[in-house]
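missing the sequence, but the structure's below:
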């Protein structure tokens, strides 16, 4: 499956495609238009997973200045809004999107990546995936206002 997937930066034309693909998930054109504008302003990077026959099947964003205070204070970019269409889940696409985010962060000189996940049954899969990819709790607990656990991963080894 992964050999049929290409991950690339969001393009203007992708806004309609993503809105159509994820409309059942209550994600509309305005969300992807905002993401595109924030990408142009270098506030966010959006990566889209394209299947060579089925179009967009997933996406993820990186916020370079996280709204989560502990990430913001420590200059840790945050992976936000990772989504893969249900028929394409559990095939490595989410993992590939996360690794692509990590590569982008490394290219910009970051050494730590952050990611947050809601602590409820609906988010059971990412609650298993992120630790399997080396993400560990940041030590500040679950935030009360959004019930999210915040995790971090060192992107480079201490020896470089």
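Looks like it came in fine. All figures in this text were calculated on a predicted structure; none of them were measured in a lab. Numbering: from 1, shown residues only.

low-confidence ranges in the protein?
1-2, 157-160 (pLDDT under 70).

where along it do the helices fall?
14-21, 29-40, 69-73, 93-107, 124-132 (DSSP state H).

what's the neighbour count on residue 138?
19 (other C-beta atoms under 10 Å). C-beta: built from backbone N, CA, C; applies to glycine.

about what we covered before: now the helices of the chain as TSV including mean neighbour count and distance to residue 113?
Shown next, in TSV, are the helices of the chain (neighbours: other C-beta atoms under 10 Å; distance: least, C-beta to C-beta, whole Å):
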stretch	mean neighbour count	distance to residue 113
helix 14-21	18	23
helix 29-40	16	18
helix 69-73	15	10
helix 93-107	18	5
helix 124-132	15	11
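
quick one: the residue lying closest to residue 6 once chain neighbours are set aside from residue 112, how far?
Spatial nearest neighbour of residue 6, excluding adjacent residues (C-beta to C-beta, 6 or more residues apart in numbering): residue 50 at 4.8 Å. Here the criterion is C-beta to C-beta, to the nearest Å. By it, residue 50 lies 28 Å from residue 112.

residue 148 now?
Relative to residue 112, and taking C-beta to C-beta, residue 148 is found at 18 Å.

before we move on, the earlier item: any chance of the helices of the chain in TSV, plus distance to residue 63?
Formatted as TSV, the helices of the chain follow (distance: least, C-beta to C-beta, whole Å):
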stretch	distance to residue 63
helix 14-21	18
helix 29-40	8
helix 69-73	9
helix 93-107	11
helix 124-132	16
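
compare those helices and give me the one nearest residue 59.
helix 14-21 (6.2 Å; C-beta to C-beta).

does anything pack onto the closest one? Which helices or strands?
With contacts taken as 3 or more C-beta pairs under 8 Å, 6 or more residues apart in numbering; DSSP states H and E, helix 14-21 sits against helix 29-40, strand 55-63.

contacts only, for the spatially closest residue to residue 17 that is not a sequence neighbour.
Spatial nearest neighbour of residue 17, chain neighbours left out: residue 56 (5.0 Å); criterion: C-beta to C-beta, 6+ apart. By C-beta atoms under 8 Å, 6 or more residues apart in numbering, residue 56 lies in contact with 14, 17, 18, 21, 48, 49, 50.
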